[in-house]
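In: Need a 3D model of the following:
(one chain, ligands or ions: 1)
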Amino acid sequence: MGRPRAVELPEGIRVCREEGHKWPASANVYLFRDDRGGALFDVGCGRPDSYRDLVDFLESEGLGLSDIHTVVLSHAHPDHMGAMRFIEKEASPEVVISSVDRPLADDPRRLNYTFDMGLARHYFGEELIESMGLGFFDIVDYFEGMCPMSGAAVHRTVEDGDVLELGGRRFRVVLTPGHAPGHIALWDEEGGVLLSSDLVGQIAAWYSPSSGGAAGFLDSLERVERLEPRLILPAHGGPIADTAAAIRRTRRRILAVEERIERMLSREGPLRVSEICGRLFPHPVIRFFPGIQIVDSHLRRMSADGRVVLEGEGPECAARLT
Ligand SMILES: [Zn+2]
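Out: Predicted coordinates for the structure are as follows:
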């Protein structure tokens, strides 16, 4: 096999990339140079060291923060926009985000809804959740110690199909829910370059029903697959030249969860949703996030397809194959 060949970035696009890719890794920050300075796609997480890396990176490009005239945010998650807490103190770029994710930039506590944090209580029951002593569960507090979130004053929202000009390239906004309700990818048709953010990349992005879920994620993959990108620039990891394979891998990873659920149910008969989740995500905290969110979004898709039936309420809710 050997080491994969490093893929070059297209002309005029630069990246500030955190080494290592273990969560909570800061998202890649892409820089587009132009004669007014530069524009950024995502800004990284709100840890002081990530922010320092960004400032050092800009400096190495001969830029200061005040030269950044535009910040486009792929979605309102902490590893992508946390650094706004520092940036807004020192500069005033025009901040752009999809209209769907804008409320999350206005008030990050709303992430508790798009992350479906209530599902843990719903399926595992009040008692268990209380006994965990996790103060269950404000997602903004949860991230605070590892990759702090930030709000941002948004100046402009974009919709699916809008065009943004960054560094002399024309990018079409492609709304790609699944991982976040207002998640966007940027498509440079002329160059064949797709900025995929978390849709495709080195980190397997989770999904929750209110963010689009497994069904939304799969639809989004199909949308970008049809574009036949020559190159994918993800939020985590390096440039991807074998784009079709990367999209297929991502799809397979999502469908594999469903196959495991089906196998489990056909072997053992009906199982509570909390049991299914506990087997797929044995880690004591991960099962509450993002485990139960992933499982619930698959069960919804499977029940919409008529493959499973859900019976019972709350912690008693169980799934069986039809
Ligand atoms: Zn994200």
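In: Next, the residue lying closest to residue 8 once chain neighbours are set aside: phi, psi?
Out: Counting by CB to CB, 6 or more residues apart in numbering, the nearest residue to residue 8 once its immediate chain neighbours are dropped is residue 239, at 7.2 Å. Quick note: C-beta positions are derived from backbone N, CA and C, even for glycine. Note on residue 239: its backbone torsions stand at phi -60, psi 140 [degrees, to the nearest 10].
In: Kindly provide the distance from residue 239 to residue 197.
Out: Using CB to CB, to the nearest Å, residue 239 is found at 14 Å from residue 197.
In: Give me the more crowded residue out of the two.
Out: Neighbours were counted for residue 239 and for residue 197 using other CB atoms under 10 Å; residue 197 has more, 29 against 18.
In: and that one, what is it in contact with?
Out: Under the criterion of CB atoms under 8 Å, 6 or more residues apart in numbering, the neighbours of residue 197 are 27, 42, 74, 75, 80, 176, 183, 184, 185, 234, 235.
In: can you do 7 Å?
Out: By CB atoms under 7 Å, 6 or more residues apart in numbering, the contact set of residue 197 is 74, 75, 183, 185, 235.
In: swap in residue 220?
Out: Residues counted as contacts of residue 220 (CB under 7 Å, 6+ apart) are 176, 177, 178, 199.
In: from what I can see the third one touches residue 222, true?
Out: No: between residue 178 and residue 222 there is no contact, the gap being 10.9 Å when judged by CB atoms under 7 Å.
In: more neighbours, these two?
Out: Per other CB under 10 Å, whichever of residue 178 and residue 222 has more neighbours is residue 178, with 26 against 11.
In: residues in contact with the closest residue to the ion within the stretch 151-300 of the chain?
Out: Per CB to the ion, residue 198 is where the stretch 151-300 of the chain lies closest to the ion, at 4.5 Å. Residue 198 is in contact with 179, 183, 205, 235, counting by CB under 7 Å, 6+ apart.
In: ok, what's across the strand from residue 178?
Out: Beta-bridge pairing for residue 178 (DSSP bridges): residue 212.
In: Tell me, how many residues neighbour whatever residue of the chain ends up closest to the ion?
Out: Using CB to the ion, the closest approach of the chain to the ion is made by residue 77 at 3.3 Å. Close neighbours of residue 77, defined as other CB under 10 Å, add up to 30.
In: Starting from residue 44, give me the distance back to it.
Out: Residue 77 is 11 Å from residue 44, by CB to CB.
In: Same question for residue 264.
Out: From residue 264 to residue 44 the distance is 38 Å (CB to CB).
In: more neighbours, the two?
Out: Neighbour totals were compared for residue 264 and residue 44, and residue 44 leads with 30 against 17 (other CB under 10 Å).
In: For the more buried one, give me its contacts.
Out: For residue 44, the contact set (CB under 7 Å, 6+ apart) comprises 26, 27, 29, 50, 54, 82, 83.
In: what about 10 Å?
Out: Each residue near residue 44 by CB atoms under 10 Å, 6 or more residues apart in numbering is listed here: 16-18, 25-29, 50-51, 53-54, 57, 78-84, 86-87, 147, 235.
In: quick one: pLDDT of the residue of the stretch 151-300 of the chain closest to the ion?
Out: What the model reports as pLDDT for residue 198 is 97.
In: packing partners for the longest helix seen in the chain?
Out: The helix of greatest length in the chain, counted in residues with DSSP state H as the criterion, is given as helix 243-268. In terms of contact count using 3 or more CB pairs under 10 Å, 6 or more residues apart in numbering; DSSP states H and E, helix 243-268 is assigned the packing partners strand 193-197, helix 213-227, strand 231-234, strand 271-272, helix 273-280, helix 292-304, strand 308-311, strand 318-321.
In: go again using 6 Å as the cut-off
Out: In terms of contacts (3 or more CB pairs under 6 Å, 6 or more residues apart in numbering; DSSP states H and E), helix 243-268 is packed against helix 213-227.
In: could you dump the helix it packs on to CSV, C-alpha only?
Out: Provided in CSV are the C-alpha atoms of helix 213-227 (Å, rounded to 0.1, in the frame of the first residue of the first chain):
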residue,chain,number,x,y,z
GLY,A,213,-30.2,12.5,10.6
ALA,A,214,-29.0,9.5,8.7
ALA,A,215,-31.6,10.1,5.9
GLY,A,216,-30.5,13.7,5.4
PHE,A,217,-26.8,12.7,5.5
LEU,A,218,-27.3,10.1,2.8
ASP,A,219,-29.3,12.5,0.6
SER,A,220,-26.5,15.1,1.0
LEU,A,221,-23.9,12.6,0.0
GLU,A,222,-25.9,11.8,-3.1
ARG,A,223,-26.1,15.5,-3.9
VAL,A,224,-22.4,16.0,-3.8
GLU,A,225,-21.7,12.7,-5.5
ARG,A,226,-23.6,13.9,-8.5
LEU,A,227,-21.3,16.9,-8.8
